[in-house]
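A.B. asks: I would like to see how this sequence folds:
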Amino acid sequence: MASLISAIQSLLPQHEGLLPKWLLFVAITAFGNTIQSYTTLSFTSRVYGGPTSFPTVPNPTPTTPPSLNRQVTPLSSRTFGTWSLIQAFVRLYAAYNIDNPAFYQLAYLTYLVAFGHFMSEWFYFGTCRWGKPLAGPVVVSTGTLVWMLWVWGDYVQ
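C.D. replies: Next up is the predicted model:
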C-alpha cells in the first residue's frame, strides 16, 4: 500500500503548496468535461439552460421535436468540449511548470476567459441561470483567479 501511495505521489506536481495540485485537479476535471461534451448534451445543457429565445431550428413549429429547439446542440457541445480540452492542457502544463511565468500567465488567462464567458452568458446573453450547474464554473474560475493573483510571487520569481 505504501508503494502505491508513493507511486501516486511521484506523479503529482513536485512544487510546494496546493496551487499546482489544484491546477492538476482542475485539468483532470476538464479532460472529463471534454469527454462528456463529446458524448452527451446532458451536462452542458444544465449549464446553458436559460431561456429558449435563440432556437437552433429556424421558425420552429409546434411539431418540432423539443430536442431540436434548444441552445445546446451537438456542435456547440463539442465546441465547448474542445475549448475545455485546450484549457485542460494549459492548466496541466502550468501545474508542472508553475514557476515558469509564461505557463502561469497562460493558466491565469484560461480562468479569466472562463470567468468572462460564464458571466457574459449569465448577465448579457441570458443563456445561463444562477444555480448549481453555473455555480461550479463561476466559483472555480473566480476563486482560482484570486488565488493565483494572491500567490503569484510565491511561484514566479
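
A.B. asks: so, low pLDDT: which residues of this structure?
C.D. replies: Low-confidence segments of the chain (pLDDT under 70): 50-70.

A.B. asks: in this structure, which helix is the longest?
C.D. replies: For the chain, the longest helix by residue count, based on DSSP state H, is helix 74-96.

A.B. asks: any buried residues in whichever helix or strand comes after that one, and which?
C.D. replies: Downstream of helix 74-96, the first helix or strand assigned by DSSP states H and E is helix 101-119. Neighbour-count burial for helix 101-119 flags 103, 104, 106, 107, 108, 110, 111, 114, 115, 117, 118 (criterion: 16 or more other C-beta atoms under 10 Å). Yep, even glycine has a C-beta here, placed from its N, CA and C like the rest.

A.B. asks: do the same with stretch 121-129
C.D. replies: By neighbour count with 16+ other C-beta under 10 Å, stretch 121-129 contains the buried residues 121, 122, 127, 128.

A.B. asks: for stretch 85-104, same thing?
C.D. replies: 85, 87-88, 90-98, 103-104.

A.B. asks: what of stretch 148-157?
C.D. replies: In stretch 148-157, counting by 16+ other C-beta under 10 Å, buried: 148, 155.

A.B. asks: which residues does it contact?
C.D. replies: Outside stretch 148-157, the residues that touch it by C-beta atoms under 8 Å, 6 or more residues apart in numbering are 15, 17, 19, 98, 99, 100, 101, 104, 107, 108, 111.

A.B. asks: for residue 27, state which of those is nearest.
C.D. replies: residue 107 (9.2 Å; C-beta to C-beta).
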